[in-house]
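# sharing a sequence plus its predicted fold:
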Amino acid sequence: MQAIVDNIKSGNLDAKVNLVVSDNENAYVLKRAKENNIPFYIIKGKSCDEIDMELENILKNYDIDLIVLVGYLKMIGKRLIDKYTIINTHPSLLPKFGGKGMYGMNVHRAVVEARENFSGPTVHFVNDKYDEGNIISQTKVKLDKNETPESLSAKVQAVEKIQIINVLKDFISNKIK
């Protein structure tokens, strides 16, 4: 999220973050939202259906054109999928290393253990299955001979920040719908 905020502030991205939502009251993204005077909401529901109804009721109070998932790990419910355009950023070249439980270091560890030559972030549309929505953008990074999950994570995060800004620019210019 910080890359998005920074690019908006610099004038590189003509957008506005209207709301930050988290299911973790201690998430660092909430601190960033406060520092940048962005309204935020902490999810109270536990089940997918509860969260879906809760977010539907909250989001209708904001001017939301696009929902961007960055670091959100829960399944998105049908109400939101049917009502909003939702995209997610995932730290592997989907369809490889996606699905439930495949996030963060779990992904990077699996990629390194599989001795893949390439990895990188994928931005995709969200549907009713983990990491199976249509792919919008992928950015490849080459794994080095002595790659570790930690070094791969750093590489992927570096290009992921650029990739998400480029995808958002494409949405703004209507190149992606």
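Sure thing, it's come through.

# can you tell me how far Ala158 sits from Thr85?
Look at Ala158 and Thr85: by CB to CB, to the nearest Å, they are 26 Å apart. C-betas here are computed from N, CA, C, even on glycine.

# again, but for Gly98
Distance of Gly98 to Thr85, computed by CB to CB: 20 Å.

# show me which of these two is the more surrounded one.
Gly98 (19 against 15; other CB atoms under 10 Å).

# what sits against that one?
Listed by CB atoms under 8 Å, 6 or more residues apart in numbering, the contact set of Gly98 reads 90, 92, 122, 130-132.

# which one of these is nearest to Asp144?
Ser92 (16.8 Å; CB to CB).

# so that closest one touches His124, yeah?
No: counting by CB atoms under 8 Å, Ser92 stays clear of His124, with 11.1 Å between them.

# from the centroid of the protein, which residue is nearest?
Centroid-nearest residue in the chain, with CA atoms, centre = their mean: Val70, separated by 2.7 Å.

# next up, the contacts around that residue.
With contact set as CB under 8 Å, 6+ apart, Val70 has these partners: 1, 4, 29, 89, 164.

# top of the residues you listed by neighbour count?
Within the contacts of Val70, most neighbours by other CB under 10 Å means Ile164, with 23 neighbours.

# that one reaches Gln2, doesn't it?
No: judged on CB under 8 Å, Ile164 makes no contact with Gln2 at a distance of 11.0 Å.

# list the contacts for Ser92?
98, 102, 107, 110-111, 119-122.

# most distant residue from the middle of this protein?
Lys145 (28.4 Å).

# check whether it sits in a helix, strand or coil.
coil (DSSP: H, G, I helix; E, B strand; the rest coil).

# got the buried residues for the longest helix belonging to the chain?
Looking across the chain with DSSP state H, the single longest helix is helix 149-172. Going by neighbour count (16 or more other CB atoms under 10 Å), the buried part of helix 149-172 is 149, 152-153, 155-156, 160-161, 163-165, 167-169, 171.
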